[in-house]
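Visitor: Sequence and predicted structure are below.
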Amino acid sequence: MIEANNPSLKSWLEIPVNSDFPIQNLPFGIFSTNQVTSRVGVAIGDQVLNLSALYEAGFLPTSPDLPFVESDYSSSTLNPLIHHGKSATRQLRARLSSLLRDDSSELRDAKKMHSVCMISQRLVTMHIPVNVGDYTDCYSSEDHARNVGKMFRDPENALLPNWKHMPVAYHGRASSIVVSGTPVTRPHGQLKPSEEEPPVYGPSRLLDFELEMAFITHPGKSLGQPISTDEADDFIFGLVLFNDWSARDIQKWEYIPLGPFLGKNFASSISPWIVTLDALEPYRIPGPVQDPQVLPYLDYTGDSNYDIDLEVEIVTPNGDSKVVCKSNFKHMYWNMRQQLAHHTVNGCNIRGGDMIASGTISGPEEGSFGSMLEISWKGTKPVSMPDGTDRRFINDGDTVTMRGSKRSEKGVSIGFGEVSGKLLPAN
Ligand code: CA
């Protein structure tokens, strides 16, 4: 077991009940305040640890195990920190854990430093945590792929022939990935109202969310060097919640033959705290049986999936809200190690701060579908909202919020916080 995950660890800091950020989590992000420019922070309870302040105060001395220097902590992105690789970031989390545990007096008794090294989360602005070099979106939930296939192709033969042989994916757009809280504007594009009519230009009418998670990478191998499923963990830094906003009408008309483009690249929203893969270790569970057997380069043994409860809430312009989806990250057919192995099997190189999203995470039952397309079944089953309106897709002024956590009565509860975004009318 990774010692920082030990469920018996307690912090001398008071952690609110059911906080997403107990001492066993320690996710990394980029924060600023009125006094402090953007820099690296770690969430603990309702506080943010200011790592550059901890470093300056001597709590994080540079060593072979902890190779970080001041500029890694005062950087406005996590890329320099992630660049040091898995072993270094693991040591850093271990060091922070040991500073915070209740049998450690070092930081606890340095009371004068507390106001410099710890800031209430209420007082910070969170920023996009990494400069995303490349972003890839997978399509790895069987229930999602099956639902889409049933709606648009053949209900009897919903999955395309390649789907169970490889984690299908496309290269997305990194520049429009935004942090939680950033409003998203309804995009314009080409729409085709019906088979018979010619295309028109206008605002998307079928604006949707996609409930996803994404992993962020450490620097990978050189161009031409694949990463195997067994090696993949060493290259995965951590995960965020990911809302892959989608304009279904633009997507439907444009995607043949080259795939997603303007229906997807206008915005994707992420949660600000990157939960490390290490912190998720206790939540690993077996994945699905993959039949047919995968090709050897995709073979993976061990607990491949993660038990993280996910939900999507829509808040209407007048403040009424409804949870429209309860899903779980365990509903993945293809796991992250397979996604990374497939991504690099041709020698494609990954860099530190690349983002690879799961694809929409739908579960098997109604109520666990991860997009309005599926929830309203192409608009045929509108969702009633508490204010008397209904939703087939997302309306102007709606706020979509996704949350991810695992609550435990006896053990440790852990979470990702949330990713939230309000849809603004088209310009
Ligand atoms: Ca997607």
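Guide: Looks like it came in fine.
Visitor: Which residues are in contact with Val400?
Guide: If a contact means CB atoms under 8 Å, 6 or more residues apart in numbering, then Val400 has Phe209, Asn243, Val312, Glu313, Ile314, Ile394, Ser420, Gly421, Leu423 as its contacts. Backbone N, C-alpha and C define where each C-beta goes, glycine included.
Visitor: so which of the residues you listed is the most crowded?
Guide: Phe209 (30 neighbours; other CB atoms under 10 Å).
Visitor: beta partners for Gly29?
Guide: For Gly29, the beta-bridge partners are Gly41 (DSSP bridges).
Visitor: okay, now it: neighbour count?
Guide: There are 23 residues near Gly29, going by other CB under 10 Å.
Visitor: That one and the ion, how far apart?
Guide: Taking CB to the ion, to the nearest Å as the measure, Gly29 and the ion are separated by 23 Å.
Visitor: Roughly how far does that residue sit from Thr344?
Guide: Taking CB to CB, to the nearest Å as the measure, Gly29 falls 27 Å from Thr344.
Visitor: Backbone dihedrals for the closest residue to the ion within the stretch 101-250 of the chain, please?
Guide: Of the residues in the stretch 101-250 of the chain, the one nearest the ion is Asp244, at a distance of 3.6 Å by CB to the ion. For Asp244, the backbone dihedrals (degrees, to the nearest 10) come out as phi -90, psi 80.
Visitor: Identify the residues contacting it.
Guide: Neighbour list for Asp244: Asp137, Phe209, Glu210, Glu212, Lys264, Ser268, Ala357, Thr360 [criterion: CB under 8 Å, 6+ apart].
Visitor: Spit out the contact partners of the fourth one.
Guide: Contact analysis of Glu212 by CB under 8 Å, 6+ apart lists Asp137, Leu241, Phe242, Asn243, Asp244, Ala357, Ser358, Gly359, Thr360, Ile361, Gly370.
Visitor: and the third one, which of the three is it?
Guide: Okay, so that is Phe242. Per DSSP: H, G, I helix; E, B strand; the rest coil, the secondary structure class of Phe242 is strand.
Visitor: can you count the residues close to it?
Guide: Applying the criterion other CB under 10 Å, we find 28 residues in the vicinity of Phe242.
Visitor: Repeat that for the last one.
Guide: Number of residues near Gly370 (other CB under 10 Å) recorded here: 29.
Visitor: Reformat the contacts of Asp244 into a markdown table and put distance to Arg284 and secondary structure next to each item.
Guide: Output for the contacts of Asp244, formatted as a markdown table (distance: CB to CB, whole Å; DSSP: H, G, I helix; E, B strand; the rest coil):
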| residue | distance to Arg284 | secondary structure |
| --- | --- | --- |
| Asp137 | 23 | strand |
| Phe209 | 27 | coil |
| Glu210 | 24 | strand |
| Glu212 | 19 | strand |
| Lys264 | 30 | coil |
| Ser268 | 26 | strand |
| Ala357 | 20 | strand |
| Thr360 | 22 | coil |
